[in-house]
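Need a 3D model of the sequence below.
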Amino acid sequence: MRGASVVLVGLMMIASLVADVAAQPAKGEPVNIGVGYFPSWNGGWSGVVIKKKELWKKYLPAGSTVRWDVVLVGFPVFNGLLANKLQIGYLGDAPAMVATTKRETADLRIVSLHHWSPGNICAIVLVRPDAPDLKTPQEWLKWLNGKTYGVAGRASCGDRFTSFLETRQGVKFGEKLYLGPEVIKTQLQAGKIDAAQQFEPNVSQIVAQGIAKVAFTGATWNWLEGSALMMRKDFIDKNYEAAKGWVKADLEALRFIIENPREVAQMVAEELPGWTPPMVLTALNGKFPPHAAAGDVNEILGHPFDDKMQKYFKDAYAFWHEVKAVPSADIPDGALYGKLLDEAASELGIKLPIGVIRATGEVKGTQK
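Purely as a prediction, here's the structure:
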């Protein structure tokens with residue numbers, strides 16, 4: 001028995017030593033980088049954690065500095081990456097894929113699809129509060145015919161889902177309007193649109209304020225959507241160990257989100273005027289109403305670039321080509337740059353995915 005205890009203690013010491021080595025700052029020259037994210041999107045929240053917990057100091061070369069560009073929507077991050085004002089950025093899957101096709105301006109790579117969801121962070125349909133209380137997504141699809149419908153941005157994750165509703169589910173909107181996420185809120189409030197696609201954490205705020213209610217999500221059709229961690233290829237080439245160090249910091253931040261949801265909600269709310277920590281928390285782990293048929297998985301964090309993800313990207317790029325958002329239906333060579341993720345996870349001793357965010361919290365919209 002005593003021998004077994006000695007072995008156990010020894011193994012724990014070895015594991016601790018491996019973790020300490022993996023968490024040491026990267027070798028090489030210090031880097032001075034710009035990093036952009038938007039906290040009004042769940043996919044930006046590991047950026048919030050890295051910033052507030054200063055995780056980057058654990059993994060970047062000693063003496064490195066980070067300039068943070070915190071914005072309310074994704075396109076300033078998109079443009080900052082193209083202009084080399086930012087070297088690392090957090091973007092929704094749609095603008096991230098479009099960004100990889102802009103190589104005449106900059107070579108941008110998706111190094112991790114760190115948030116992945118079965119349709120429960122972006123493919124969410126809201127309806128005006130006086131809409132009927134229907135019981136299934138199929139009933140809601142019929143109700144949407146002829147209605148004025150808002151989409152949270154052109155060439156967005158919501159645009160792809162809305163196109164799916166039209167082309168695969170036969171919905172014929174009376175009018176389809178491309179609006180910003182904040183405009184969708186005001187248009188629903190003013191009664192100028194009947195329904196809209198919206199993404200979290202906007203959904204939890206809008207529903208909590210009584211401006212709209214959830215109809216359904218993409219989970220009914222096993223929808224896939226996500227958020228990308230992007231880097232400039234010239235930054236990766238020049239500062240490979242620092243780039244890998246950032247991916248390590250992101251993996252640690254993802255684990256922190258899973259293990260400390262309330263603390264993360266507080267952090268995010270501090271960067272989002274108009275959101276309370278309870279609203280943010282329901283955006284992360286809140287339940288959808290039963291009629292939404294959303295299931296119990298809100299997000300999967302730190303998913304590997306496996307065959308399932310490759311198919312997802314293949315289908316998504318084909319869609320973006322169909323709507324003329326990208327020049328080719330094929331994934332650009334090297335756009336999915338999984339080497340950093342694989343090496344970072346291996347060196348940290350982490351098996352991907354990091355974990356699952358399940359709908360174990362309060363019902364969305366009940367927390368103000």
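
Quick one: the strands in the protein, in order.
Along the chain, counting by DSSP state E, strands occupy 32-37, 65-70, 88-92, 108-117, 124-127, 148-152, 175-179, 195-198, 213-217, 225-232, 297-301, 355-358.

Work out which residue lies at the spatial centre of the protein.
residue 43 (2.6 Å; CA atoms, centre = their mean).

That one touches residue 228, doesn't it?
Yes: counting by CB atoms under 8 Å, residue 228 is a contact partner of residue 43 at 7.4 Å. Heads up, the C-betas are built off the backbone N, CA and C, glycines and all.

okay, and the common contacts of the two?
By CB atoms under 8 Å, 6 or more residues apart in numbering, residue 43 and residue 228 have these common neighbours: 90-92, 114.

Export these as TSV, with columns for pLDDT and distance to residue 205.
Converted to TSV, the shared contacts of residue 43 and residue 228 look like this (pLDDT from 0 to 100; distance: CB to CB, whole Å):
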residue	pLDDT	distance to residue 205
90	98	20
91	96	21
92	94	18
114	96	23
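
Give the residue spans of the stretch 1-150 of the chain that score low on pLDDT.
1-23 (pLDDT under 70).

hey, where'd the helices end up in it?
2-22, 45-52, 56-59, 75-82, 93-99, 137-144 (DSSP state H, counting those that start in this stretch).

try the stretch 151-300 of the chain
157-167, 181-189, 202-208, 233-238, 240-259, 261-270, 277-285.

Take the ones you listed and lay them out in CSV including mean neighbour count and mean pLDDT.
Below are those laid out as CSV (neighbours: other CB atoms under 10 Å; pLDDT from 0 to 100):
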stretch, mean neighbour count, mean pLDDT
helix 157-167, 21, 94
helix 181-189, 19, 96
helix 202-208, 25, 97
helix 233-238, 16, 99
helix 240-259, 23, 99
helix 261-270, 19, 98
helix 277-285, 24, 98
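
want to try TSV for those, with distance to residue 305 as columns?
Shown next, in TSV, are the helices of the stretch 151-300 of the chain (distance: least, CB to CB, whole Å):
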stretch	distance to residue 305
helix 157-167	19
helix 181-189	29
helix 202-208	28
helix 233-238	16
helix 240-259	12
helix 261-270	25
helix 277-285	24
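
The ones you listed: which one's closest to residue 56?
helix 240-259 (5.2 Å; CB to CB).

and the closest one, what does it pack onto?
helix 45-52, helix 56-59, strand 108-117, strand 225-232, strand 297-301, helix 339-348, strand 355-358 (3 or more CB pairs under 8 Å, 6 or more residues apart in numbering; DSSP states H and E).

Using JSON lines, please lay out these together with mean neighbour count and distance to residue 196.
Below are these laid out as JSON lines (neighbours: other CB atoms under 10 Å; distance: least, CB to CB, whole Å):
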{"stretch": "helix 45-52", "mean neighbour count": "24", "distance to residue 196": "23"}
{"stretch": "helix 56-59", "mean neighbour count": "20", "distance to residue 196": "36"}
{"stretch": "strand 108-117", "mean neighbour count": "27", "distance to residue 196": "18"}
{"stretch": "strand 225-232", "mean neighbour count": "26", "distance to residue 196": "16"}
{"stretch": "strand 297-301", "mean neighbour count": "24", "distance to residue 196": "20"}
{"stretch": "helix 339-348", "mean neighbour count": "19", "distance to residue 196": "34"}
{"stretch": "strand 355-358", "mean neighbour count": "16", "distance to residue 196": "24"}
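
Out of these, which is closest to residue 313?
Nearest to residue 313, of the helices and strands packed on helix 240-259 and by CB to CB, is strand 108-117 at 8.2 Å.
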